[in-house]
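return a 3D structure for these sequence lines:
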Amino acid sequence: MSQMDPTGIDTAGDELLADSMGGQISYEEASSLSNGDLGIAEPTQRADVAHEAGAMPEAPAVPKAPVLPVPKVPLPPFPVIRKAVSGRYAGMLGQFTVELRVDVDRARSMKRISGDFYQTVGKTRSYYGSFIVDAPAVTVSPLGIVARGKGRFTFAAGAPVVQVTIPRVLIVQPQAPASLQFFTVANTPGANYHCAFESVYFRAVRIETDRVSDVTTPVFNSYDTGALPSGGTARKLSVTGAYAEAGVGMVPTTGTDVIDIGEAGAGASWSNAELHAAMENHFTLWKDEPQWAVWQLVAQNHDLGSGLYGIMFDQQGKQRQGCAVFHAGIGGTTADKLRLQLYTYVHELGHCFNMLHSWQKSYAVPPLPNRPDALSWMNYPWAYPKGGDAGFWNSFDFRFDNEEIIHLRHGFRNDVVMGGQPFATGSAIGRDVMPDPIVDESGLMLELSAHKENFALGEPVVVELKLRATDTRGRRAHSWLHPNCGLVRIVVAKPNGETVAWEPLIDHLVGRRETVLRGEDENRDSAYIGYGKGGFTFDQPGHYRIRAAYAAPDGSQVLSSILTLRVRYPVTPAEEELADLFMGEDQGMLLYLMGSDSESLRRGNEAFDLVLDKFGQHPMANYARMIKGINAGRRFKSLAPDDVKAIRVREPKPDESMRLLSTAADSGVLDPVSTRMVLYDLSCVQRDAGDDQGAGKTLTQLSAMGIRIA
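Residues are numbered from 1 along each chain as shown. Below is the predicted model of the structure:
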């Protein structure tokens, strides 16, 4: 066996472990003992558990596991309580350390084994790979538990058959260690790890919760799930308690902080750019690398208003490291508000663990069936197809569903850890969304359009979405059409045949906002989809096919027709240089954020300055004017580079903003949606600068475009 294969290292033997070591039993552990943990008169049994709810397909047949003998001794006259063995173990062999997760007993067992390998070379330690056994054969006796099956690995394993042997000890004894033995498919022994017991929790995550100074209601602590009707047992539940029930130990850090509201933008509300900057400056554990650590900010207001309950934001660098909740929409001390806070806090952290909404599971890698009727933290109560809010809360037992539990406990490390794989990446979405529906009785129609069919390479692409009813009786619909809100998905088939999901940089948790569409009624919104979590969407010349999918309140998936756009090849040196100037990562971020003063995006701003200086007469220069003009009209707050507690304020630049926005609006280059946005921003800058006459003229232009300003 190769010495670089952690499953195939030569070992001295694989004898059963007889000694006992590890941690003492906890209250949580004692309370979760099953009937199988009581009494030594329990019969020896062998149970294949491949068909548990949520289980993966049965693993290929492997050599039969040994059965531990039952000692022939007189039975005591009283029952003996033995410890459950499920939990986290750790062992070392040569260069490799393994974190082993055994999930075969205790309450809500998922009947799985998984683990992560780390390799130490010299003074460095790095993640090597992961494995999971989806359907182990489990042998239980009073002496111990043996679980065995063929694993799935993130690397080429020379010995892919996994066997875990754990003695069962009395409840008053320390937890016994586990033997992790690997075998080849021919049943040749490979590596054998002696793994000490570490915790009843399968994973441990450090969580830091910071609060903004203007939050007017208490930061959430706990909720009595019996205070209002529900589908579960009554218990006092906190955020850490919700994850503990899922098998994840959340450990609060001591680095909590109160963030001055002055770090937010004008109007004491947070923009997405400011949230990310706040995380980098206040999350004491923040690193641009994968780690089991997460940041949650409790804030009052977001720029999008009180309808936004929470965000999992990950704008640049490693993703899924932080989220925010907004008490303008969820704050309060009544039972319904405390329930909403618990749900929102847990939901947003779920995204940080790389979990999609219940109705979006087909977008995961690997894809899973969508579950719009799931009773899970990751669903939307108001979008529950079996009775909406009331139906959801009356049935919800305040837990993740089985598939999400499997992900949290046993997902490959980089698919779960904060800063690991990007959120919901992969191309499987194309197979699920691009084909035409066989039957569509939703009574709704989704239209997807763009203001033109041909774009220059690097030119921003904005699409418009319209939703209307096809049923003359009208149809109930939610009005969240922007893909940032997660209820509309955009899929793009590229010229090279690759199909990708456009993913916003920031995932938004939104509240209920429904309407009934009748007759000519329309819900409308627009979105810039040229840049997202996957980088630039339209990054090569050729033809693109774009489709949108709307998640209706009844669970229907309403698909738009396919929109075809063409990105032209640059034919002149100027077009080639403009494409380069627009397609840097910093420029993409600035287009998504509508400008920023952030020092980390300095190169993007310099590129747009060069566009204006060198190519000011080119039509594409108007996109640079739009971005820089909107940003110039803001009061932008940032942290001083020499003092992380000092706030540096850049006041609005009205003259610069009005000059740039006026030229961009009059150019005729921007799409109608962007033009309306530019005119509205221009009117606000003019008004704030005291130019009431100019603001009036701008609002008249907006009115001529069919926009009414209250």
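
what about the helices in the stretch 451-600 of the chain?
573-582, 585-593 (DSSP state H, counting those that start in this stretch).

same deal with the stretch 601-710 of the chain?
Taking DSSP H, counting those that start in this stretch as the criterion, the stretch 601-710 of the chain contains helices spanning 602-614, 621-632, 654-666, 672-688, 692-704.

and for stretch 673-686, what's in contact with it?
By C-beta atoms under 8 Å, 6 or more residues apart in numbering, the surrounding residues in contact with stretch 673-686 are 451, 462, 464, 526, 626, 629-630, 633, 652, 654, 657-658, 661-662, 664-665, 670, 692, 694-695, 698-699, 701-702, 705, 707, 709. (C-beta placed from N, C-alpha, C; glycine too.)

buried ones in that stretch?
Of the residues in stretch 673-686, 673-683, 685-686 count as buried by neighbour count, 16 or more other C-beta atoms under 10 Å.

residue contacts, the residue most central in space within the chain?
In the chain, the centroid-proximal residue (C-alpha atoms, centre = their mean) is His351; its distance is 2.8 Å. His351 makes contacts with Met312, Arg320, Cys323, Phe423, Asp507, as judged by C-beta under 8 Å, 6+ apart.

so the first one is in which element?
I take that to be Met312. Per DSSP states H and E, Met312 falls inside strand 308-313.

what does the third one give?
For Cys323, the host element (DSSP H and E) is strand 322-326.

what helices and strands are in contact with the following helix or strand past that strand?
Under the assignment DSSP H and E, the closest C-terminal helix or strand after strand 322-326 is helix 327-330. Here helix 327-330 touches strand 308-313, helix 335-352, going by 3 or more C-beta pairs under 8 Å, 6 or more residues apart in numbering; DSSP states H and E.

for helix 327-330, what is the distance to the chain centroid?
Averaging C-alpha positions (C-alpha atoms, centre = their mean, to the nearest Å) puts helix 327-330 21 Å from its chain's average.

now the strand holding Met312 and strand 322-326, what's the angle there?
For strand 308-313 against strand 322-326, the angle by axes from the mean of the first three to the mean of the last three C-alpha atoms, to 10 degrees is 170 degrees.

kindly check the end-to-end length of stretch 226-236 for me.
In stretch 226-236, first residue to last residue: 8 Å (C-alpha to C-alpha, to the nearest Å).

and it, what's buried?
Ser230.

what's the answer for stretch 287-303, then?
Buried residues in stretch 287-303 (16+ other C-beta under 10 Å): 290-303.

can I get those in CSV with secondary structure and distance to His482?
CSV is the format used below for the buried residues of stretch 287-303 (DSSP: H, G, I helix; E, B strand; the rest coil; distance: C-beta to C-beta, whole Å):
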residue, secondary structure, distance to His482
Pro290, coil, 30
Gln291, coil, 31
Trp292, coil, 32
Ala293, strand, 30
Val294, strand, 25
Trp295, strand, 25
Gln296, strand, 24
Leu297, strand, 22
Val298, strand, 24
Ala299, strand, 20
Gln300, coil, 22
Asn301, coil, 18
His302, strand, 14
Asp303, coil, 13
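
Pro369 and Gln360 touch, don't they?
No. Using C-beta atoms under 8 Å, Pro369 makes no contact with Gln360, being 11.0 Å away.

quick one: which of those two has more around it?
Shown here are Pro369 and Gln360; by other C-beta atoms under 10 Å, Gln360 has more neighbours (23 against 8).

residues contacting that one?
Gln360 sits next to Asn370, Ala424, Gly486, Arg489, Ala551 when contact means C-beta under 8 Å, 6+ apart.
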